[in-house]
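Student: Here is my input, please return the structure:
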Amino acid sequence: MVMTLRFRDYLLMFTILSVFLGLACSPAAAERKVYTLEQLIQMALETSPELKMAEQDVISAKSDYNQAKAGQLPQLEITAIAGPVNDARVPTVNTNGHLVSHDDSEVGLFGRFDFAFVQPLYTFGKIANRKDAAALGVEAQRAGKEQKRNEIVLTVKELYFGYLVAAQGKSAAREADDFISDAGKRIKRLIELKAQNADPSDLYRLDAFSAEVKSFAAKADSGARLASAALKKAAGLPENAELNLDARELPKTTVELASEAEYVQLALAQRPELTQVKKGVAAKKKLADAAKSDFYPSLFAAAIGSVAGAPDRESFDNSYFTDDFNHSYAGIVAGAQWHFDFGITKGKLDKARAEHKKMQHTQEYAEKNIPLEVLKYYQEAVEARQTYTAYQQAVTGSRRWVVSAFSNFDIGVGTARDIFDAIDRYGKNQGEYLRSLYSYHVALARLNYAVGKGHEAQLAAAVETAGE
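Tutor: Okay, the predicted model is just below:
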């Protein structure tokens, strides 16, 4: 009897434990996945088709380099042929000193094998210049990949901040709606009490404010949905995946920027586009030098040989006559190959020099416009910071104004119009605050991009100058 009770006790405990474990492991009890900015950036970089395409460009450039590098290695050329040939005996010389052939009417077979193992010795830069150009091409494509990476990072940042600000806009709309609902209750209560500072027309005006708030909330919701869809697509998430972000990750502090000159110097030193163009200029110069080298000969050493045999033809072994169908020889030679044409090589050289000049002008254009782009984003960051700080203070002041207007209305020294003015100003300040908050963080992200940075730390002193 004792053993039965213990068994039942254990069975009951096991059942209860299983239920709790099942609840803990159920989807409803599972903690929601919250994505950080760094995680979304990493996901976007890992799944981006554009970045994968850029990687294939790098691989293609490496293939070109390997081909150019292999040009300095020896090359083996083999030719093997077989075909019909008349049977024949060794020719003789008649009494007149003429060579008499003894070809038969019957046809047999012959085979021949020729090879040439050629090692370039000196080509006046044909191989070296093209190899250097290909190596520079690999570096240029790597810089292009880095540029594509920075573009993806900037896009994710813009969408990320847009989503968070839109979500805060929805929260601000709910807060404004609470203010309007609270004001409506207060106005109705005072109307019932026949207070002098409340009038039924105030309720109509309140309805107009409520419509504006609902419109703002709808725009914020639409913006959040659009940013969420775009952000999920950029990060490689399925369309039906849940995207949860931590609004606390949106910094409410500002940073002290360095000088414009420092950012310009950073951009000129590390901007991937400029690096790509510089490597391109050097590569085009090498290709132009290679085209010029084509005017000169190429020196080489070679091992050559040939073996041929025709079973139904007698071998004619004479050093003054070559028997194409029965022979064997091999040897080492040195030589020079020199190609001449009437304008083709010169045309190729002119084209290579023109492409080099064009790339030089592209570099000049980039060096002039990149500093302007940096200054543009720098000024946008400065302006957005000042605007954001100003509206941050304005939101705090207008919220206090709303609270004060409510208090004055309740004690009878304020009017409903005072509440409307306070709520209206608070709503406008809140909207401008959110817009400036987005503009500020996007301006910093674009400034990072302009100096050639991706998702590294902001290029600033990281000095907090304003709180929430």
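
Student: would you list every one of the strands in the stretch 301-450 of the chain?
Tutor: Under the criterion DSSP state E, counting those that start in this stretch, the stretch 301-450 of the chain contains strands at 327-337.

Student: what about the nearest residue to residue 406 once chain neighbours are set aside, how many neighbours?
Tutor: If the residues on either side of it in the chain are set aside, residue 406 comes closest to residue 419, at 6.5 Å by C-beta to C-beta, 6 or more residues apart in numbering. Backbone N, C-alpha and C define where each C-beta goes, glycine included. By other C-beta atoms under 10 Å, the residues close to residue 419 number 27.

Student: how about residue 419, what does it touch?
Tutor: 183, 186, 402, 405, 406, 409 (C-beta atoms under 8 Å, 6 or more residues apart in numbering).

Student: Might you quantify the distance of the helix or strand containing residue 155 from its chain's geometric centre?
Tutor: Residue 155 belongs to helix 126-192 when assigned by DSSP states H and E. With C-alpha atoms, centre = their mean, to the nearest Å as the basis, helix 126-192 stands 16 Å off its chain's centre.

Student: After it, which helix or strand is next?
Tutor: Criterion used, DSSP H and E; the element after helix 126-192 is helix 200-235.

Student: buried sites along that following helix?
Tutor: Within helix 200-235, the residues scored as buried using 16 or more other C-beta atoms under 10 Å are 202, 206, 209-210, 213, 216-217, 220, 223-224, 227-228, 230-232, 234-235.

Student: any idea of the angle that helix forms with helix 126-192?
Tutor: 160 degrees (axes from the mean of the first three to the mean of the last three C-alpha atoms, to 10 degrees).

Student: Could you list everything residue 329 pairs with in the sheet?
Tutor: Under DSSP bridges, the beta-bridge partners of residue 329 are residue 306.

Student: How many neighbouring residues does it have?
Tutor: When neighbours are counted by other C-beta under 10 Å, residue 329 registers 10.

Student: my guess is it meets residue 308, correct?
Tutor: No - using C-beta atoms under 8 Å as the test, residue 329 is too far from residue 308 to be in contact (9.8 Å).

Student: Flag the shaky bits of this structure, pLDDT-wise.
Tutor: The model of the chain has pLDDT under 70 over residues 1-32, 92-100, 102, 104, 194-198, 202, 247-250, 454-468.

Student: May I see the domains of it written out as residue ranges?
Tutor: Per automatic domain parsing, the domain ranges recorded for the chain read 37-70+125-295+344-450, 74-122+298-337.

Student: roughly how far is the last one from the heart of the chain?
Tutor: By that I understand domain 74-122+298-337. 60 Å.

Student: tell me, how many neighbours does residue 35 end up with?
Tutor: Counted with other C-beta under 10 Å, residue 35 comes out at 19.

Student: repeat for the one 3 residues further on
Tutor: By the measure other C-beta under 10 Å, the count of residues near residue 38 is 11.

Student: helices and strands around whichever helix or strand it is part of, which ones?
Tutor: Here residue 38 sits within helix 37-47, counting by DSSP H and E. Helix 37-47 sits against helix 126-192, helix 200-235, with contacts defined as 3 or more C-beta pairs under 8 Å, 6 or more residues apart in numbering; DSSP states H and E.
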